[in-house]
Structures are given as structure tokens and as C-alpha cells.
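for reference, the sequence and a predicted model appear below.
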Amino acid sequence: MNAPLPCMSGSRMDKWPRILLEIGLGIGKAFVKFDHSWIRDGTNTDHTQVLNRSRRDVTDHREDAPVRMGWFDRVRMCVGWDLADRARIAKFRRCMDTDLSDVIRDIGQQLAKFKGTQSLMSNKRFVRRLHSMLGEWLIGLLDGSFDEEYVERRSAFGRKLLEIDLTFEDVILLEELTRRQLFGLAKDKLSDSPQVLSSTMHTLDKAFNIDLALIYSTYLEAREAEMERVLLDQFLSVTGFSRTLYENLADAQSWRSRE
């Protein structure tokens, strides 16, 4: 039978939350020195970030919407997107509607070739899933509205890319393949009108910059949150801490940082 804890005076009792906090953070510091080679890009996550940031429920992004929209408005202003660009990209989208399936197929084949997964292209289920993702990528890119609904939709798409196991390198490759296909199609369609071609290419470049700024940021946020969740789970497993104790330590650390 465990001996009962001795009674303590108020002054000694006041020290226990701080003692527990120091113990927890000390273990955390030791833990983050482990070799976390399972993180593909070698990101070094500080223990205080784990104690604070991984507590957020990343499945609910509504609280971040106003902040993200404000940031996105600044991106759009820096790029210089205007009504003329929106009209040009809408016209280009109508122009390429008949070629959309071919563009999706070509991008899918090139992506599989670069990744060395050509054998999967014979799997109809895989191809349908890939083409669905590429179609969503293209349609969103050529949307041109860049409003609040667009921001929510493309933010969700950025997280979806992580869920279907695309690495960040895959996303960058996909951007380049898509850019090459659309620019090539614009040259084929508009070669007889050099001025229209030039303005359309410039608009496409703007659309890529705006769209990818949003997709990249949400993809990286989702990836970082996932790595922090894994790190936290390993921390709890190694230390034997309960999630409740972890929450209490995080709260104490947060209050301590405000002092």
C-alpha cells in the first residue's frame, strides 16, 4: 500500500505546480533532442511550440477565417488582380473547356512519370482519384473570383493534398506541370493574337501566384500540425504523461510566459 502524501504548509504546497512544470518541460527538452528522422524535411519543433500549438483543433478552421482573408486580400493587392484579369481568365476557361479532359490526363501521366509510378496508371480507381484531384486543382485555379468562399474552398483543398499523401515536393512539381500545360494551351489557342496572348499569359501568371500562395500556406500549416500531433503523441508515450497532465502543464507554461 502506498504511503499517504505528507501534509504540507501553504508555502510548500505552492511550489508543487512549478515543480511539476519544471519536470515536464525538462523531460520535453530531452525528448525533442531525440533523432526524429521520421520527419521528412527535418523540421525541428521546439518543445514550447508542442506544448502550445498542438493543442489547437486543426479540424475547425472557422476562427482563422478572418485572419486568413485579411492576409489573402493583401496577397491579391500585391499581385494586382483586377476585373480585367477576371474577365480574361473566364474567357480562357471557356476556351479550354473542350481540352480540359486532355489537359488533366496529360498532367496525370507526367506526374506519374516523374514519380516513377506509371504502373499505377493501369489502376482505374487510382486514375479516377488522381484525375478528380487534378480537375479540382485546375477548376479552382481558373476560378478567378478570389473571394471569401474561394479562400475557404482552396484552403480545404490545400489540406486535402496532404490527406492524399502528396509531399510538398509533389505539390511544387504539380504546379510546374500545370503551368506548362496551361501556358502551352494558351499559345496554341491565341497565337494569332499576340497582344491577347501576352495579356492572357500575364493573367495566368497572376492567378498562379495568388492560388499557390493560399494552397502552399494551408498545406504547410496542415503538415506542421500533423507533425506536432505525432510529436506530442510520442512525447506522451515516452513520458507516460496523461493528456490531462499535459494540458495542465501547457496551461501553467502559458501563464508563466505572461508573467
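Yes, it's here. Keep in mind that this is a model prediction, so the values were computed, not measured.

CA only for contacts and neighbour counts going forward, please
Fine.

the residue lying closest to Ser217 once chain neighbours are set aside: what's it in contact with?
Nearest non-adjacent residue to Ser217, counting by Cα to Cα, 6 or more residues apart in numbering: Gly158, 7.9 Å away. Neighbouring residues of Gly158 by Cα atoms under 8 Å, 6 or more residues apart in numbering: Leu214, Ile215, Tyr216, Ser217, Thr218, Tyr219.

so the first one touches Trp71, yeah?
No. Leu214 is beyond contact range of Trp71, at 9.5 Å (criterion: Cα atoms under 8 Å).

ok, those two, which is more surrounded?
Leu214 (20 against 12; other Cα atoms under 10 Å).

which secondary structure elements does the one helix or strand the more buried one maps to contact?
Element membership for Leu214, per DSSP states H and E: helix 194-239. In terms of contacts (3 or more Cα pairs under 8 Å, 6 or more residues apart in numbering; DSSP states H and E), helix 194-239 is packed against helix 10-31, helix 47-53, helix 65-79, helix 83-96, helix 124-141, helix 148-163, helix 168-190.

just so I know, which of these lies nearest Phe208?
helix 124-141 (6.9 Å; Cα to Cα).

now do the buried residues in the closest one.
The neighbour-count check on helix 124-141 (16 or more other Cα atoms under 10 Å) flags Val127, Leu130, His131, Met133, Leu134, Gly135, Trp137, Leu138, Gly140, Leu141 as buried.

check stretch 69-88 too.
Met69, Phe72, Asp73, Val75, Arg76, Trp81, Asp85, Arg86, Arg88.

what's that stretch in contact with?
Gly144, Ser145, Glu148, Val151, Thr200, Thr203, Lys206, Asn209, Ile210, Ala213, Leu214.

okay, how far is it across that stretch, tip to tip?
In stretch 69-88, first residue to last residue: 24 Å (Cα to Cα, to the nearest Å).

stretch 132-152 too?
19 Å.

so how far is stretch 215-231 off the chain centroid?
6 Å (Cα atoms, centre = their mean, to the nearest Å).

could I have it exported to PDB, CA atoms only?
What follows is stretch 215-231, C-alpha atoms only, in PDB (Å, rounded to 0.1, in the frame of the first residue of the first chain):
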ATOM      1  CA  ILE A 215      -2.600  26.400 -51.200                       C
ATOM      2  CA  TYR A 216       1.100  26.400 -50.100                       C
ATOM      3  CA  SER A 217       0.300  28.100 -46.800                       C
ATOM      4  CA  THR A 218      -2.600  25.900 -45.900                       C
ATOM      5  CA  TYR A 219      -0.700  22.700 -47.000                       C
ATOM      6  CA  LEU A 220       2.300  23.600 -44.800                       C
ATOM      7  CA  GLU A 221       0.100  24.600 -41.800                       C
ATOM      8  CA  ALA A 222      -1.700  21.200 -42.100                       C
ATOM      9  CA  ARG A 223       1.600  19.300 -42.400                       C
ATOM     10  CA  GLU A 224       3.200  21.200 -39.400                       C
ATOM     11  CA  ALA A 225       0.100  20.500 -37.300                       C
ATOM     12  CA  GLU A 226       0.200  16.800 -38.200                       C
ATOM     13  CA  MET A 227       3.900  16.600 -37.300                       C
ATOM     14  CA  GLU A 228       3.200  18.300 -34.000                       C
ATOM     15  CA  ARG A 229       0.400  15.900 -33.200                       C
ATOM     16  CA  VAL A 230       2.800  12.900 -33.900                       C
ATOM     17  CA  LEU A 231       5.500  14.500 -31.800                       C
END
